[in-house]
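In: sharing a model prediction with you, sequence too.
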Amino acid sequence: MTRATSLGSPRAKPFIVEQTAAAGDQSTRLWEEFRQLTSENFARCTQCGRCTAGCPLASDMDLSPTRVLRSLQLGQVERAARSLAIWFCVSCQVCTTRCPQEVDIAHTMDSLRELARRHGLEHPGSRDILSFHRSLLAVVRRYGRLREFPLVRGYKLRTWHFFQDLLVAPRLFFRGKIHLLPKEIAAVEAVRQVFARSGVPL
Ligand code: SF4
Ligand code: SF4
């Protein structure tokens, strides 16, 4: 049985994680890949709940930020990666700012999203959120910045929510918030190279 190392080291695995990860190859592989994405020391979390108390989306999450951290302490990385909570997180950083133990929860959520995406663990309820995310990335890659009209068009084609927020569109258009003929930025090629180097699938 593997014993815990120093709790102060950012790379140290919580002792429960080391024991649990040994239980199955799949969970061990997932855990090791997850640790490539983040070196956060989850053993530092004391389950004080300050992150959840400040999170604006906590009431809609299936796992609160505190429980996500607890899952990771227990080595249940797949449970955390399959949660809907990680897709509801808007990376506002409130949790990270409030944490007295300096655990970067927002980055942890980001790493879990990346792990879920790589392994097809996305929660079924995240479909629309992912569609929006992919539409946004496609627009930024194409134009070098956000453009509302192509973003909404891409989102609706992906989700078939053709009538969602339909009455909002004319108001936004007449207030100059939506431009039908979006232009690229001057350095759009540099942005595309960033996407190409990142290997982000759209
Ligand atoms: S605020 Fe920090 S220490 Fe408290 S529960 Fe959240 S992650 Fe853990
Ligand atoms: S970063 Fe995510 S988990 Fe943290 S407070 Fe904001 S929405 Fe909640």
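Out: Looks like it arrived, so ask away. Numbers count the residues shown, from 1 in each chain. Ligands and ions are numbered 1, 2, ... in the order given.
In: what parts of this protein come near ligand 1?
Out: For the chain, the residues in contact with ligand 1 (Cβ under 6 Å from any ligand atom) are 45-51, 65-66, 69, 98-99, 101, 103, 105. In short, each C-beta sits where N, CA and C put it, glycine included.
In: just name the closest of the residues you listed to residue 25, please.
Out: Using Cβ to Cβ, residue 69 comes nearest to residue 25 of these, at 24.5 Å.
In: pretty sure the closest one is touching residue 43, no?
Out: No - the pair residue 69 / residue 43 is not scored as a contact, 10.1 Å apart, by Cβ atoms under 8 Å.
In: more crowded one of those two?
Out: Between residue 69 and residue 43, residue 69 has the larger neighbour count (other Cβ atoms under 10 Å), namely 26 against 22.
In: need the pLDDT of the more buried one.
Out: As predicted, residue 69 sits at a pLDDT of 97.
In: so what's the residue count around residue 26?
Out: 10.
In: could you pull out the helices for this structure?
Out: When secondary structure is read from DSSP state H, the chain shows helices at 15-21, 25-37, 50-54, 65-73, 77-81, 85-88, 94-98, 105-119, 127-143, 148-159, 168-174, 188-198.
In: can you lay out these as a markdown table showing distance to ligand 2?
Out: Converted to a markdown table, the helices of the chain look like this (distance: least, Cβ to the nearest ligand atom, whole Å):
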| stretch | distance to ligand 2 |
| --- | --- |
| helix 15-21 | 20 |
| helix 25-37 | 16 |
| helix 50-54 | 6 |
| helix 65-73 | 4 |
| helix 77-81 | 12 |
| helix 85-88 | 7 |
| helix 94-98 | 3 |
| helix 105-119 | 4 |
| helix 127-143 | 12 |
| helix 148-159 | 21 |
| helix 168-174 | 24 |
| helix 188-198 | 22 |
